[in-house]
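Asks: Coordinates for the following, if possible.
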Amino acid sequence: MHTFKALALFWLIALPSIVNVQESYVCPSDGSELQQLRIYEVNRSNKDAFHQRFQDHALRIMKRHGFKIIDIWESDSGEKVEFIYLLAWPDKSTMDLRWREFLSDKEWIDIKKRTAAESGELVRETNDHPLTRVSYSPACAKK
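Replies: The predicted model follows:
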């Protein structure tokens, strides 16, 4: 019984300091520090159709759902074509909610079905990376 009490006391003392060390690497937030990096591997043969769909439809529908796109890039390594964009969110719950709304938007669903029927599958793979700025980032130091 003494071993259990000692172990419980150890965790009561040690756990808060472990948590504080991990949190010290996160930049103090002003509520707008969550960014999201999205990377799509695009089918090379359908690249033009993908860009048309994103530019003509996705951007407009995303804006309607409160998406804030910071920047957009394309990367062609020769092996694959990637479409990359960065979004800013006030917090994770807003990000999750807005994505659910966007993905269930009837207009977006219809556009995806139509473009897939016309051009085939436009995206091979999607990678999603929510990003939280670390405390030693130059951008954090500017605050």
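Asks: so how far is stretch 82-99 from its chain's centroid?
Replies: How far stretch 82-99 lies from its chain's middle: 5 Å, per CA atoms, centre = their mean, to the nearest Å.
Asks: Tell me what the residue most central in space within the chain is bridged to.
Replies: To find the centre residue of the chain, average its C-alpha atoms and take the closest one (CA atoms, centre = their mean): that gives Gln36, at 2.9 Å. When bridges are taken as DSSP bridges, the partners of Gln36 come out as Leu87, Pro130.
Asks: Could you pull up phi and psi at Ile69?
Replies: Main-chain dihedrals, Ile69, degrees, to the nearest 10: phi -90, psi 130.
Asks: Hmm, Trp89 and it touching each other?
Replies: No - the criterion here is CB atoms under 8 Å, and Ile69 misses it with Trp89 at 11.0 Å. Backbone N, C-alpha and C define where each C-beta goes, glycine included.
Asks: Mind checking which of the two has more residues around it?
Replies: The residue with the greater number of neighbours, taking Ile69 and Trp89 and applying other CB atoms under 10 Å, is Trp89; the counts read 23 against 15.
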